[in-house]
Structure formats: structure tokens, C-alpha cells
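S.K.: Provided below for reference: sequence and predicted model.
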Amino acid sequence: MKALVADAINEKGIENLKEIAEVVVDTSISPEELLETVGEYDAIIVRSRTKLPAEVIEKADKLKIIARAGVGVDNIDVNAATQKGIMVVNAPESTSITVAEHTMGLILSTIRKIAIADKSTKAGKWEKKAFMGMELRNKTLGVIGMGRIGSQVVNRCKAFEMDAIAYDPYLPPEVAKNMGVELYENIEDVLTRADVITIHVPLTPETEHSISTEQFKLMKDTALIFNCARGGIIDEDALYDALVSGEILGAGLDVYEEEPAKDNKLFQLDNIVCTPHIAASTKEAQRDAAIIVANEVITLFKG
Ligand code: NAD
């Protein structure tokens, strides 16, 4: 059994794979080289650099499994793989804690004005009065999408003594109840009542621009909103207007309608904290992703 590790993954995953396979690690393999050699492998492990389009999969005559050591599978033609009987696996649970922690970072940075105070302090100003913040205690967290990440954000916000309400039409009410979360049947009620709104839904036709002008109008003028899910769920033009007009107080984004986001007009505003799609970037998440997908490969071959 021969496995190709085509993108850099944590060493522990490679170590585990070596127990059952001859492992070739070639993290700079070109698309042309891959096309030429893909037929030799029983398993391929990628992250996001290596693309596996239909033309590569077509030539993968021995391949049984493609493993993506990460969340999405956008770089793999899953239909082509399925048609050829190749299993595609990923590790969506590997980043949940990491993304939840990053969300907490954005929330705290925004509510206590840490990012902007950092800039000012390092510029030699001492603007104590400019950075009056608010406590999270007794505030209401509004979670849109109570899946793996949303529920971890709830756990963390409970430790800050926040109340939690949520909108997730696919979540069984008893699950929310067990987590101490009040589940609402419509998103508008959550947007109206929450002090801190955090988005953790997938980007779908249903969720795209689901937070736009009308929704910002419903929010408190002291509300803060965060998106560590996918760009495009929040309508950025509407967010810009809401932040400038004072319709809401602040925001935090890790994801953008266009990435890499370079000339985004939101970057001109002081009441938004921005990070460059790094919510999932921790050593622990990468290690877990590598271990999880290596285990999937091992299970397939060892049973
Ligand atoms: P998940 O599938 O566990 O949870 C998503 C939840 O959203 C589910 O409970 C689902 O029922 C709910 N949902 C679906 N459609 C909805 C709708 N229209 N309204 C309300 N709820 C809805 O996913 P997850 O692992 O928690 O990930 C959540 C998001 O975070 C995804 O968009 C994912 O792509 C993103 N993500 C971002 C990063 C990053 O680097 N910033 C990393 C990992 C995941």
C-alpha cells in the first residue's frame, strides 16, 4: 500500500500512516507530476495546495481514498472521485475549538477595543478615555448556526456569564435545551434581542447575504456582530453602512466576500476588528486534522 502526502501535514499523521503504508511525502509536487504519478498511489493526503480535478482522478487507477486534512473539500472533484469509487474524507471537527477560541478573541478585542487601543498605545498616545468598553457578563449571545463551532462558542461565553439564544432551524430543540440555549424559531427574534451576534452557518443560497440592511435595522445600536464562518453570509456593503451610521456598535470578521481581502472599505473603520481567515490556524487544529485523516486511511485499509 502506497500513500502520497502531497501537502504539508503534521508529522504525527505521517508517522501513523507509516505503520500501514509506504509513505511518499512530496509537498511541492506539481500538477503535471501528480498527473504522471497518481496511478501509483492507494491513498492521497492533501490540505488545500494540491488540487485533485477530474483529469487527475481519471488516472488514479489504484486510488481508494483521498483525505483532506482540513475542513472543506473544495480542492477535490468529489463527483469524479465518487464515480470512480474513491472515498473522500476530511476532518471538519479538527478546527472547531480553534475557531471558537478565535471568535472569542474577536469578541473580546471588539468589546474592549483591544486592537485599536494597541495601535494607539504603540503610537505613543495614552488615550485612556477613548477606549471605554463593556462587560460580556449578563449580555445576550445570539448564535446563528449551533453546530460544532457555534456550540463551542456558547460553552465559552457561558464562562463569561452570558445568556445564550440561537437560531438554527435544523437543531433539535432538546439539544439546545441541554446546552442551556434558548432556541428561536426565527432569526429576527435573535437579531433583535442579542448583544453579541455570532455567525456559524455554512455559506449556502439560503444563508448568502442573510445578514443585510433589513437585518441590521433590527439589531440594537449597541450590538456587535462576528463572522468566522464564510464571507458572503454578511452583506459587506450593508455592514459598512450599519457601522458608519451607528446602527450597530462594532464587528469582527475573519472571512470576506472576496479573499484575499486587500482593498476592503471595511478596513478603514475603527469599530471593526479584522483577521485574514486565520480562525482555524493553530498547531493543535493542524495536528488533529492530520491524525484524524490518517486514522481514516488506516481504518479503510486495516478495517
Ligand atoms: P456545522 O455543520 O457543525 O454547523 C453548522 C450549523 O449551521 C448546523 O447546526 C446547521 O444546522 C446550521 N445551519 C445550516 N443552515 C442554517 C441556516 N440557514 N440558519 C441557521 N442555521 C443553519 O459546521 P461548523 O463546523 O460549526 O462550521 C460552521 C461554519 O464555520 C462553516 O461555514 C465553516 O465553513 C466555517 N469555518 C470557518 C473556518 C475559518 O477558518 N474561519 C474554519 C472552520 C469552519
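M.R.: Received it, and whenever you're ready, just let me know what you need.
S.K.: mind checking how far the closest residue to Glu93 other than its chain neighbours is from the ligand?
M.R.: Once flanking residues are discounted, Glu93 sits nearest to Arg148: 5.9 Å by CB to CB, 6 or more residues apart in numbering. All C-beta spots, glycine's among them, are computed from the backbone N, C-alpha and C. Here the criterion is CB to the nearest ligand atom, to the nearest Å. By it, Arg148 lies 4 Å from the ligand.
S.K.: Could you tell me which residues of this structure lie near the ligand?
M.R.: 71, 92, 95-96, 99, 144-150, 167-171, 200-203, 206-207, 228-230, 254-255, 277, 279-280 (CB under 6 Å from any ligand atom).
S.K.: Keep only those of these that are in strands.
M.R.: 144, 167 (DSSP state E).
S.K.: Quick one: the helices in this structure, in order.
M.R.: Secondary structure of the chain by DSSP state H: the helices cover 11-18, 31-37, 54-58, 78-83, 96-111, 114-122, 148-159, 173-178, 187-193, 213-218, 236-245, 283-302.
S.K.: Adding distance to Ala67, write the ones you listed out as CSV.
M.R.: Below are those laid out as CSV (distance: least, CB to CB, whole Å):
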stretch, distance to Ala67
helix 11-18, 9
helix 31-37, 15
helix 54-58, 14
helix 78-83, 11
helix 96-111, 18
helix 114-122, 36
helix 148-159, 19
helix 173-178, 29
helix 187-193, 35
helix 213-218, 38
helix 236-245, 34
helix 283-302, 4
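S.K.: Quick check: the residue nearest to Ile298 when sequence neighbours are not counted vs Asp42, distance?
M.R.: Nearest residue to Ile298, sequence neighbours excluded (CB to CB, 6+ apart): Ile20, at 5.4 Å. As for Ile20, its distance to Asp42 is 10 Å (criterion: CB to CB, to the nearest Å).
S.K.: so Leu34 touches Ala6, yeah?
M.R.: Yes. Taking CB atoms under 8 Å as the definition, Leu34 is a contact partner of Ala6 at 6.9 Å.
S.K.: So between these two, which is more surrounded?
M.R.: With neighbours defined as other CB atoms under 10 Å, Leu34 and Ala6 compare such that Ala6 has more, 25 against 22.
S.K.: how about the closest residue in space to the more buried one that isn't next to it in sequence, what does it touch?
M.R.: By the measure of CB to CB, 6+ apart, the closest residue to Ala6 outside its immediate chain neighbours is Thr50, 4.1 Å from it. Neighbouring residues of Thr50 by CB atoms under 8 Å, 6 or more residues apart in numbering: 6-7, 29, 34, 44, 75.
S.K.: which one among these gets closest to the ligand?
M.R.: Asn75 (14.1 Å; CB to the nearest ligand atom).
S.K.: ok, now which ones touch the closest residue to the ligand within the stretch 51-200 of the chain?
M.R.: Closest contact between the stretch 51-200 of the chain and the ligand, by CB to the nearest ligand atom, is at Gly147 (1.7 Å). With contact taken as CB under 8 Å, 6+ apart, Gly147 is in contact with 168, 200-201.
S.K.: ok, 7 Å please
M.R.: By CB atoms under 7 Å, 6 or more residues apart in numbering, the contact list for Gly147 reads His200.
S.K.: mind checking how far it is from Asp235?
M.R.: 22 Å.
S.K.: I'd say His200 and Gly145 touch.
M.R.: Yes. His200 is within contact range of Gly145, at 3.9 Å (criterion: CB atoms under 7 Å).
S.K.: Can you pick out the residue with more neighbours from the two?
M.R.: Neighbour count, other CB under 10 Å: between His200 and Gly145, His200 has more, with 28 against 22.
S.K.: and the gap between that one and Ile66?
M.R.: Taking CB to CB, one finds His200 at 26 Å from Ile66.
S.K.: Then Lys59?
M.R.: 13 Å.
S.K.: Tell me which of those two has more neighbours.
M.R.: Comparing Lys59 with Ile66 by other CB under 10 Å, the one with more neighbours is Ile66, at 29 against 13.
S.K.: what do Ile20 and Asp42 both touch?
M.R.: With CB under 7 Å, 6+ apart as the test, Ile20 and Asp42 both reach Met1.
S.K.: ok, Ile107 - contacts?
M.R.: 196, 226, 252.
S.K.: ok, 6 Å please
M.R.: Val196 (CB atoms under 6 Å, 6 or more residues apart in numbering).
S.K.: And for Val273?
M.R.: Applying CB under 6 Å, 6+ apart, we find Val273 in contact with 106, 109-110, 115, 252.
S.K.: Thank you kindly, that will do.
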